[in-house]
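Engineer: What would the 3D arrangement of this be:
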Amino acid sequence: MSKNIILALSFLIAGTALAQGAPVPPPSINQVRQEIKDVRQETKEQAGQIRVEAKTEVKNIRTTATSSGKTRESAREEVKQKIEDASDKIKNLRDERKAQVEQKLQEIKAKYQENRQARIAAHIEKMLHRLNAAAERLDELAKRIESRLIKLETNKVNVTEAKNLLAAAKTKIQTAKDAITKIKPASDTALSATDVKTAFENVRQITEEAKDALKAAHAALVDVINSLKPGAHKIKPTATSTPTTTSSSN
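Structural biologist: Numbers count the residues shown, from 1 in each chain. Below is the predicted model of the structure:
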């Protein structure tokens, strides 16, 4: 496993798209955006209509003030009231539309968050698959070494030290496996957190521990092989490579 895993995870937490490229917003988000645009345009048109109607009413009041027997003061108050009513209507309309737009914006935000979490979860699943595959290869190498030690012991070769080292290596392999199993629960908790970036600090730490555990297990198996006399084995320590098997695709 390489540092690319942690780096990629960091990019994801920061909101950066995966290696496949920035995802195209799904139609539902574009649709909500269009709805917001329509609401704003409708508000503008309705506010304009209210102004036109108010202007017409004011004009009629002034035109008919004398013939209807209204005093100048009465006409002035009526005009003032019409203007205030129109202003109130426009304000209420804007407040109502503002609430609608805010709701739509929250829908977009929630959708982006949902998509982002899905991308992170998919990446973590892929990473876990690679980490588990690396652990399985270490298991397989340990079995091959153990099989070889049995054959050497049958041939009267002293493999006591190698067997002890192998036992220690197996313990380290299990430690690595245990560390890997902690990643998924931690990531699930982080994905549901309010502050995802901060919550993933714990995931990063656990992932780093799993990486180090795999490296330690691999090194322990190499120690087993190196403990044998030259020519007593043909098992190659390069049969598995922790850094390359767990690196994140970029």
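
Engineer: For the rest of this, base every contact and every neighbour count on C-alpha atoms.
Structural biologist: Fine.

Engineer: so what's Ile173 closest to, chain neighbours aside?
Structural biologist: Distances taken as CA to CA, 6 or more residues apart in numbering place Ala217 nearest to Ile173, at 5.1 Å, with adjacent residues excluded.

Engineer: for the one you found, helix, strand, or coil?
Structural biologist: Assigned with DSSP: H, G, I helix; E, B strand; the rest coil, Ala217 falls in the helix class.

Engineer: how near is it to Glu146?
Structural biologist: 15 Å (CA to CA, to the nearest Å).

Engineer: neighbour count winner among the two?
Structural biologist: Taking neighbours as other CA atoms under 10 Å, Ala217 and Glu146 compare with Ala217 leading, 25 against 17.

Engineer: give me every residue that touches that one.
Structural biologist: Leu138, Ala169, Lys170, Lys172, Ile173, Ala176 (CA atoms under 8 Å, 6 or more residues apart in numbering).

Engineer: let's see 10 Å
Structural biologist: Neighbouring residues of Ala217 by CA atoms under 10 Å, 6 or more residues apart in numbering: 135, 138-139, 142, 168-176, 223, 242.

Engineer: same check, this time on Ile150
Structural biologist: Arg144, Lys156, Val157, Val159, Lys163.

Engineer: I'd like the distance between it and Ala217.
Structural biologist: Distance from Ile150 to Ala217, by CA to CA: 21 Å.

Engineer: And Lys44, by the same measure?
Structural biologist: For Lys44, the distance to Ala217 - CA to CA - is 68 Å.

Engineer: Whichever strand or helix holds Gln113: how far from the chain's middle?
Structural biologist: Element membership for Gln113, per DSSP states H and E: helix 72-154. Chain-centre distance of helix 72-154: 8 Å, with CA atoms, centre = their mean, to the nearest Å.

Engineer: could you give the mean pLDDT of that helix?
Structural biologist: Mean pLDDT, computed over helix 72-154, is 84.

Engineer: ditto for stretch 48-63
Structural biologist: 76.

Engineer: Number the chain from 537, please
Structural biologist: Renumbered: residue one is now 537, and that last one reads stretch 584-599.

Engineer: what residues does it touch?
Structural biologist: 578-579, 581-583, 601, 604, 606, 608, 611-612, 614-623, 625-626.

Engineer: redo that, cut-off 8 Å
Structural biologist: Ala611, Glu614, Val615, Lys618, Ile619, Ala622, Lys625, Ile626.

Engineer: now these as JSON lines including neighbour count and distance to Gln639?
Structural biologist: Shown next, in JSON lines, are the contacts of stretch 584-599 (neighbours: other CA atoms under 10 Å; distance: CA to CA, whole Å):
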{"residue": "Ala611", "neighbour count": "19", "distance to Gln639": "42"}
{"residue": "Glu614", "neighbour count": "17", "distance to Gln639": "38"}
{"residue": "Val615", "neighbour count": "20", "distance to Gln639": "36"}
{"residue": "Lys618", "neighbour count": "18", "distance to Gln639": "32"}
{"residue": "Ile619", "neighbour count": "17", "distance to Gln639": "30"}
{"residue": "Ala622", "neighbour count": "20", "distance to Gln639": "26"}
{"residue": "Lys625", "neighbour count": "16", "distance to Gln639": "21"}
{"residue": "Ile626", "neighbour count": "20", "distance to Gln639": "20"}
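
Engineer: just to revisit the earlier point, going through the contacts of Ala753, which ones are buried?
Structural biologist: Buried members of these, scored by 16 or more other CA atoms under 10 Å, are 671, 674-675, 678, 705-706, 708-712, 759, 778.

Engineer: Touching, Asn668 and Ala715? I think so.
Structural biologist: No - Asn668 is beyond contact range of Ala715, at 10.5 Å (criterion: CA atoms under 8 Å).
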